[in-house]
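Trainee: fold the following, please.
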Amino acid sequence: MPGASDVRLTAWVHGQVQGVGFRWWTRSRALELVLTGFAANKPDGRVQVVAQGPREACERLLGALQGGDTPGHVDKVIYDWSEPADAIAGFTER
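Mentor: Got it, this is the predicted structure:
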């Protein structure tokens, strides 16, 4: 069960983010922050990132996604905050 201060971040990353190790990089950052969720390629070239855990950790992941130190090239990140869903095990690449 998620903690009382946990949130769910859903982000859609636009740009040159497929085929460049972006999902692996995102998973690595999320695991460092002890977040659960996934990073998935979408048919339109975006990467969807869903992360769950403490808000501060999710905000740090969002900052990393928006920063200039990602694989490939990020044009923009559209994101949404929501209540956490049922517990997600680990952080996976889809």
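
Trainee: enumerate every residue touching residue 92.
Mentor: Residue 92 makes contact with 27, 37-39 under the criterion CB atoms under 8 Å, 6 or more residues apart in numbering. Heads up, the C-betas are built off the backbone N, CA and C, glycines and all.

Trainee: please apply the same query to residue 17.
Mentor: Contacts for residue 17 (CB under 8 Å, 6+ apart) come out as 45-47, 70-74.

Trainee: could you check how far it is from residue 77?
Mentor: Residue 17 sits 10 Å away from residue 77, going by CB to CB, to the nearest Å.

Trainee: what strand or helix carries residue 51?
Mentor: Using DSSP states H and E, residue 51 maps to strand 47-54.

Trainee: got it, and residue 79?
Mentor: Using DSSP H and E, residue 79 falls in strand 73-82.
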